[in-house]
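Student: Curious how this folds, go ahead:
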Amino acid sequence: MSTSETHPGTHRAPAAPLSGRRVRAAVIGTGAIGRGSHLPALARLAEEGETEVVAAVDIDATAVEEFCRATGIPHAYTDLEQMLREQRPDLVSICTPPTLHREQTVAALRAGAWVWCEKPPVPTLADYDAVEAEEGKDGGPYASIVFQHRFGSGSRHVRRLLAEQAMGRPLVAHCQTTWYRDTAYYAVPWRGRWATEGGGPAMGHGIHQMDLLLDLLGPWSEVRAMAGRLVHDVETEDVSTALIRFENGAMATVVNSVLSPDEVSRIRIDCERATVELTHLYGHSNANWRITPAPGVSGDEAAAWQDFGADVPSSHLEQLRELVASMRAGERPRSSGADGRTSLELIAAIYKAAFTDTTVKAGEIGPGDPFHTAMHGGAPGWAPVAPVAAQEVPA
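Tutor: Numbers count the residues shown, from 1 in each chain. Alright, predicted model coming up:
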């Protein structure tokens, strides 16, 4: 789909105020994530009078026309810029591969639309900084990243307990995304390559749990790490481990793998007076959380910790609901700007620490650092190797 460059600074004014009307939304990319997650969330809010999906865009004309016909979306496009000019959406939902995210997000922001973009947000920190520079300065438009595991009743309850230190100081944590992907999975040409996937399991799989860990524990201060290619013939890693120190003093281990037949996503945080643990796979509800009090904690206090309230599972719907509320209020949404950048910076730091065998401090990866413009950082043995041109042999 075309997203021709516009000169920087040529932003269109945002659409009319959102009070008293539905948010006009457009879906970019009609594959599995758009069809299975974004559109159902938009449709649910449409039932509640909050949104209306006015257009869909895909490079495949047949696919987008069938998508619109099946879902009742009135306008199908193969050109993003044309759709932005003609439909003037308030919100653009980006469901395309990561290498397209920067260009498409910038085009939408310059057209005055807010953006809700699938993870990973962009392949590099330099790309993220370029997107952030295009956001509105006062009241939007803003670009939010899909980190739906932050949302829902369970994470909200635990975030509050940790922020209030109800269970004491957080001390020790573990963050685990140990999944299984076979050889057929990596037979898809764009997978396992820096240029098209952006990274391995740290980037494409573990980003959700790491983002939730950071949302719960706050800023990190330093990282040490290891990475390996133990099974798959890929450019990226297929497993990584990291040690993270947080600004609040807590220390954590992080494991990201696609080599693990017994698949699980897990976060465990040991505080002074209790252990809180989340165990699930691709999404969580209240039942996936467990809080174990330390000896001496009263039954009443432990019971209060266990009261998660009405069960609201983590989902695209819950994040979208909060995003639309932020749009109506003209406020920066969660998982945008500096808040949305934090997990991407942690991933870059894990790669740098692993590939250079150094301790990486928060904030050190900026312009001029090779890991700012590429997650592999040009590191020997990890950076893609250009094909060697065949040498001519004299006759």
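
Student: Where does Ala303 sit, in terms of helix or strand?
Tutor: helix 299-306 (DSSP states H and E).

Student: contacts for that helix?
Tutor: Residues outside helix 299-306 that contact it (CB atoms under 8 Å, 6 or more residues apart in numbering): Leu161, Ala166, Met167, Ala274, Ile291, Pro293. To be clear about C-beta, it is placed using only N, CA and C from the backbone, and glycine gets the same treatment.

Student: What about those, which one has the most neighbours?
Tutor: Met167 (24 neighbours; other CB atoms under 10 Å).

Student: Name the SS class of it, please.
Tutor: What DSSP: H, G, I helix; E, B strand; the rest coil gives for Met167 is coil.

Student: Just give me how far the top helix by length along the chain sits from the chain centre.
Tutor: Secondary structure of the chain read by DSSP state H shows that its longest helix is helix 337-356. Helix 337-356 sits 12 Å away from the centroid of its parent chain (CA atoms, centre = their mean, to the nearest Å).

Student: And for stretch 210-219?
Tutor: Per CA atoms, centre = their mean, the centroid offset for stretch 210-219 relative to its chain is 13 Å.

Student: could we number from 814 for the rest of this?
Tutor: In the new numbering, first residue 814, that becomes stretch 1023-1032.

Student: Leu1025 and Gln895, how far apart?
Tutor: Going from Leu1025 to Gln895 by CB to CB, to the nearest Å gives 38 Å.

Student: More neighbours: the two, which one.
Tutor: Shown here are Leu1025 and Gln895; by other CB under 10 Å, Leu1025 has more neighbours (25 against 14).

Student: was I right about the more buried one contacting His962?
Tutor: Yes. Between Leu1025 and His962 there is a contact under CB atoms under 8 Å: 4.6 Å.

Student: tell me, what's touching these two both at once?
Tutor: Common neighbours of Leu1025 and His962 (CB under 8 Å, 6+ apart) are Ser968.

Student: And the closest residue to His1021 other than its chain neighbours, how far from Leu1027?
Tutor: In space, His1021 comes closest to His962 once its chain neighbours are excluded; the distance is 4.8 Å by CB to CB, 6 or more residues apart in numbering. Here His962 is placed at a distance of 11 Å from Leu1027 (CB to CB).

Student: the more surrounded of these two?
Tutor: More crowded of His962 and Leu1027, by other CB under 10 Å: His962, with 26 against 22.
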